[in-house]
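J.: Fold the following.
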Amino acid sequence: MTTAHEAWTQLATRIPKELHRRLKWYCVTHDIAVMHFVAEAIEEKLGRKTRLKKGAALRRAPAAPAPRSRR
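T.: Residues are numbered from 1 along each chain as shown. The predicted model follows:
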């Protein structure tokens, strides 16, 4: 989950009205802010429950070799 000292940015997106209604209802009934719900859902979907420490390099899969051109 994100920490209180972490920098935040704004996300603007369009979702279906019914989905937004369900999101709001869920957040109200579970006493959670929509902002926090969305941030946690994105972290869960991306598989990043642990945050990288400041200055840590991202662990990425090695890049695929460039295709060879035919001459």
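
J.: Okay, buried residues for the helix or strand encompassing residue 38 please.
T.: Element membership for residue 38 (DSSP states H and E) is helix 34-46. Across helix 34-46, burial judged by 16 or more other C-beta atoms under 10 Å covers residue 39. Using the backbone N, CA and C atoms, a C-beta is placed for each residue, glycine as well.

J.: And it, what does it pack against?
T.: If contacts are counted by 3 or more C-beta pairs under 8 Å, 6 or more residues apart in numbering; DSSP states H and E, helix 34-46 sits against helix 17-29.

J.: Now do the same for the helix holding residue 38: mean pLDDT, whole number.
T.: For helix 34-46, the mean pLDDT works out to 95.

J.: Equivalent analysis for stretch 5-23, please.
T.: Per-residue pLDDT over stretch 5-23 has a mean of 94.

J.: Using PDB, write down the CA coordinates of that stretch.
T.: Extracted C-alpha coordinates of stretch 5-23, given in PDB (Å, rounded to 0.1, in the frame of the first residue of the first chain):
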ATOM      1  CA  HIS A   5       5.000  10.400   2.700                       C
ATOM      2  CA  GLU A   6       4.800   9.300  -0.900                       C
ATOM      3  CA  ALA A   7       4.200  11.800  -3.700                       C
ATOM      4  CA  TRP A   8       0.800  11.600  -5.300                       C
ATOM      5  CA  THR A   9      -0.400  12.400  -8.800                       C
ATOM      6  CA  GLN A  10      -3.900  12.900 -10.200                       C
ATOM      7  CA  LEU A  11      -5.600  10.300 -12.400                       C
ATOM      8  CA  ALA A  12      -8.400  11.300 -14.700                       C
ATOM      9  CA  THR A  13     -10.300   8.600 -16.500                       C
ATOM     10  CA  ARG A  14     -13.700   7.800 -17.900                       C
ATOM     11  CA  ILE A  15     -15.600   4.700 -16.700                       C
ATOM     12  CA  PRO A  16     -19.200   3.600 -17.200                       C
ATOM     13  CA  LYS A  17     -21.700   5.400 -15.000                       C
ATOM     14  CA  GLU A  18     -23.000   2.100 -13.500                       C
ATOM     15  CA  LEU A  19     -19.400   1.100 -12.600                       C
ATOM     16  CA  HIS A  20     -18.800   4.400 -10.900                       C
ATOM     17  CA  ARG A  21     -22.100   4.000  -9.000                       C
ATOM     18  CA  ARG A  22     -21.000   0.500  -7.800                       C
ATOM     19  CA  LEU A  23     -17.500   1.800  -6.900                       C
END
